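Engineer: curious how this folds, go ahead:
(chains A and B)
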2 protein chains.
Amino acid sequence: MTFTAHITVMPLKELLDPQGKAVTGSLHNLGLAGVHDVRIGKHITLQLDAADEAAAKTIAQDACKKLLSNPVMESFDISIVPTVAAIKA
Amino acid sequence: MTFTAHITVMPLKELLDPQGKAVTGSLHNLGLAGVHDVRIGKHITLQLDAADEAAAKTIAQDACKKLLSNPVMESFDISIVPTVAAIKA
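Structural biologist: Numbers count the residues shown, from 1 in each chain, chains lettered A, B, ... in the order given. This next block holds a predicted model:
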C-alpha cells in the first residue's frame, strides 16, 4: 500500500529563528503590522510503500531522524494518510 | 484577538523539485527503499492580531502573496486557529 507522509520540521521554540525575525520585519514594512512571532521551517511530503499505517510512520520517523531533521535545533511532526489512487495517478 | 496561521508553501506539482530528488536519493542510500516522490517546501507559523478568523485569513493571504510565496513556482495553503492563551504565554 502507498501512503503519503506530511512532515513538518520546525526550529525548536527555545531557539531564535533569525529567518523568521527577518520576515517579521519585512511584513511590517509591507504594512502588515498585526503579524508577529514568525517562525520558518520545512514542509516535506513523500510517498512511501508500507504494509500498514504504523509501518509507514516508522519509516517516516526513521527518515526524519537520519536525514530530514536536526534534533539539536529542530522538532518534527508526521502525519500519514493513505495515498488516494487519483492523486497517485 | 490573536490567531495562529499555519502556512505551507510547496513547489507546484508541475515543476521538478531538485531538492526533493536529492533527498529521495539520499534516503535510498540510507536503506529506506520504499520512499519516493519527495517534495520539499516551507512551513511558516505566525501570530496575528485580527478581529475575527476571516480577517486573519485575509492578512495571511496578503502575506503569502506579497512575500512568503512565489506564485510562478509555488502554491500555498493556510490554516487559521485561535491562539490558545497557554501557548501565547
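Engineer: what segments of chain A are helices?
Structural biologist: Using DSSP state H, the helices found in chain A span residues A:18-29, A:53-63, A:85-88.
Engineer: okay if I get those as a markdown table plus mean neighbour count and mean pLDDT?
Structural biologist: Quick note: C-beta positions are derived from backbone N, CA and C, even for glycine. Below are those laid out as a markdown table (neighbours: other Cβ atoms under 10 Å in any protein chain shown; pLDDT from 0 to 100):
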| stretch | mean neighbour count | mean pLDDT |
| --- | --- | --- |
| helix A:18-29 | 15 | 96 |
| helix A:53-63 | 18 | 96 |
| helix A:85-88 | 9 | 54 |
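Engineer: need those helices in TSV (columns: distance to residue A:45).
Structural biologist: Formatted as TSV, the helices of chain A follow (distance: least, Cβ to Cβ, whole Å):
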stretch	distance to residue A:45
helix A:18-29	21
helix A:53-63	11
helix A:85-88	11
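Engineer: mind putting those in a markdown table, distance to chain B included?
Structural biologist: Formatted as a markdown table, those follow (distance: least, Cβ to the nearest Cβ, whole Å):
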| stretch | distance to chain B |
| --- | --- |
| helix A:18-29 | 6 |
| helix A:53-63 | 6 |
| helix A:85-88 | 9 |
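Engineer: what is the orientation angle of the top strand by length along chain A with helix A:18-29?
Structural biologist: Longest strand of chain A, by residue count under DSSP state E: strand A:35-49. Inter-element angle recorded for strand A:35-49 and helix A:18-29: 130 degrees (by axes from the mean of the first three to the mean of the last three Cα atoms, to 10 degrees).
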